[in-house]
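1. fold the following and give me the result.
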Amino acid sequence: MEPILSLKAAIPNLPSVAQLKILVLGDVMLDRYWHGPADRVSPEAPVPVVSVQQTEHRPGGAANVALNLVSLGAQCTLVGLIGDDEAGETLTATLTAAGVVCDFVKVPDWPTIVKLRVLAQKQQLIRADFEAPVPDYGASERIGVVQNKVEKHLREADVLILEDYDKGAIEDAQALIFAANERSVPVLVDPKMKPLNVYRGASVIKPNEKEFAHALSIRTDLNADEDVALQLVAELDVDGLVVTRGGQGMDICTSTEKRHLPARPVEVYDVTGAGDTTAATLALGLALKWSLIDSARIANVAASIAVSKSGTAPVTGPELRHVLQGTVADRGLMTRDELARAVADAKANGERVVFTNGCFDILHAGHVSYLEEAAALGDRLIVAINDDASVTRLKGEGRPVNAVEGRSRVLAGLSCVDWVVSFSEDTPEPLLQLLQPEVLVKGGDYGPDGVVGADLVRSYGGEVQVLGLVSDISTSAIVDRIRSRKTD
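-> Take a look at the predicted model:
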């Protein structure tokens, strides 16, 4: 699994993201907002009277997914249905100004979907939807035009997103998925209340909790004694399912594993558009060829930013970078308290924490190989080092050769090491009790039962790994060799 640090560096506005071309097909809509104070109750009915002082419009639905993609730094082409009306013109102009390439199909005698929200004191009082079913006449021609547009843009696309709000833009999902698969373009589906087998053959399907429950409720052929999500992954011929569960986070299921990512704790302001943000970020992960778990981790953080905003609003690359770097403490030297917070945040984001310890007096090739191997066992590597007094008690007078500050800095400079902390005790058990890492690693000739802290780690469900060291290399041998040369 790719370390989260590399994901942090990759997401916002770097060439690898700026060169990505994401194609979105789906139901577009215009979100209107009326803002004003509500200081009195209407004499006509027991409802507040809002004195509208400000109006605004924002892209919604598939248009919000597209807006999130360009805000995160990618290129995006959007295909969808609009009416030949003012709302369609406004939506097109807003998206074009933001950098989205719009290739819309205008449907005669049909209104662009508009959702109006009235707010007072930043609280939503009512939502009014203006929409009508897409007309049946001309359906086959319209479906053919959409299919042709998608196939044209697939020639350059890195990912296809099907943003299906069941409003008429996506009538033949199987033909679209087949066209993408023919060109080896991954397909991410954000479904609504349709049977999931409509999207068979996609790369990833991302239902929310309600949509997933509905999909299961209309199925009678699934074996309840087995893991239903695993059954569906195999049956639907997809790489994975991502089930978003709001404040409970999200579940990720592939053919080989099932993981739960808890939601990042934030003050929720408005959940509008959070699913669109999740879809956009997952698509970037697919385009960058990240694992589904890593893509979901970043999407989980992005969604937490979206729900802290008012209304339908995109998440930007700089915002995501800032939160990522603030959520999981960055690389370097840590105090115990700082490390405890960093580890808690890492676990909340579904990361696997690896812990190792030692004196690391003179860093040598054996140490580097060992630490690289340890880092590969999880997402975050903690290196705990004995302080100077502790090293002297363990190794005798004349040790350490290098003071703890120097040893810490050298270790922190290794790309495979995330966090470095020192401890004054003779064993790391107090630190293990505090941090409770998923994996305790030790190198050398120990048996698993001979590793200090092994019983403690196993007691809370962690695991213990013993790795080999590069033979014929040790700090003590290096020190002895240096001393012998001085006496010659």
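
2. confirm residue 407 sits in a helix?
-> Yes - counting by DSSP: H, G, I helix; E, B strand; the rest coil, residue 407 is located in a helix.

3. let me know the pLDDT of it.
-> Looking at residue 407, its pLDDT stands at 90.

4. repeat that for residue 65.
-> You'll see residue 65 listed with a pLDDT of 93.

5. would you map out the domains in this protein?
-> 4-327, 332-487 (automatic domain parsing).

6. just put those domains in a markdown table and tack on mean neighbour count.
-> (Glycine included, C-beta is placed from N, CA and C.) Formatted as a markdown table, the domains of the chain follow (neighbours: other CB atoms under 10 Å):
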| stretch | mean neighbour count |
| --- | --- |
| domain 4-327 | 19 |
| domain 332-487 | 17 |
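
7. output the below-cut-off pLDDT ranges for this structure.
-> Applying pLDDT under 70 to the chain flags residues 1-16, 218, 220-226, 264-273, 306-331, 348-349, 445, 469-488.

8. what residue lies at the spatial centre of it?
-> Nearest residue to the geometric centre of the chain (CA atoms, centre = their mean): residue 298, 2.0 Å.

9. quick one: the strands in the stretch 351-488 of the chain?
-> Assigned by DSSP state E, counting those that start in this stretch, the stretch 351-488 of the chain shows strands spanning 353-358, 380-386, 419-423, 439-443, 463-467.

10. state the distance from the residue nearest to the centre of the chain to residue 442.
-> According to CB to CB, to the nearest Å, residue 298 and residue 442 sit 32 Å apart.

11. what of residue 123?
-> To residue 442, residue 123 is 56 Å away according to CB to CB.

12. ditto for residue 209
-> Distance from residue 209 to residue 442, by CB to CB: 42 Å.

13. same question, residue 286
-> Residue 286 is 37 Å from residue 442, by CB to CB.

14. do residue 454 as well
-> Distance, residue 454 to residue 442, using CB to CB: 8 Å.

15. give me the common contacts of these two.
-> Jointly contacting residue 454 and residue 442 under the rule CB atoms under 8 Å, 6 or more residues apart in numbering are residue 464.

16. tabulate the CA atom coordinates of the helix or strand where residue 281 lies in CSV.
-> Element membership for residue 281 (DSSP states H and E) is helix 274-287. Presented in CSV, the C-alpha positions along helix 274-287 are these (Å, rounded to 0.1, in the frame of the first residue of the first chain):
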residue,chain,number,x,y,z
ALA,A,274,-20.4,15.8,0.0
GLY,A,275,-21.1,12.8,-2.2
ASP,A,276,-20.0,14.7,-5.3
THR,A,277,-16.7,15.6,-3.6
THR,A,278,-16.1,12.0,-2.7
ALA,A,279,-16.8,10.9,-6.3
ALA,A,280,-14.4,13.5,-7.7
THR,A,281,-11.6,12.6,-5.3
LEU,A,282,-12.0,8.8,-5.8
ALA,A,283,-11.8,9.4,-9.6
LEU,A,284,-8.5,11.2,-9.2
GLY,A,285,-7.2,8.3,-7.2
LEU,A,286,-8.2,5.9,-10.0
ALA,A,287,-6.6,8.1,-12.6
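
17. which elements pack onto that helix?
-> Contact here means 3 or more CB pairs under 8 Å, 6 or more residues apart in numbering; DSSP states H and E; on that basis helix 274-287 packs against strand 21-26, helix 62-71, strand 159-163, strand 187-190, strand 240-244, helix 292-306.

18. got JSON lines for the ones you listed, with distance to residue 214 too?
-> Below are those laid out as JSON lines (distance: least, CB to CB, whole Å):
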{"stretch": "strand 21-26", "distance to residue 214": "19"}
{"stretch": "helix 62-71", "distance to residue 214": "20"}
{"stretch": "strand 159-163", "distance to residue 214": "18"}
{"stretch": "strand 187-190", "distance to residue 214": "14"}
{"stretch": "strand 240-244", "distance to residue 214": "12"}
{"stretch": "helix 292-306", "distance to residue 214": "21"}
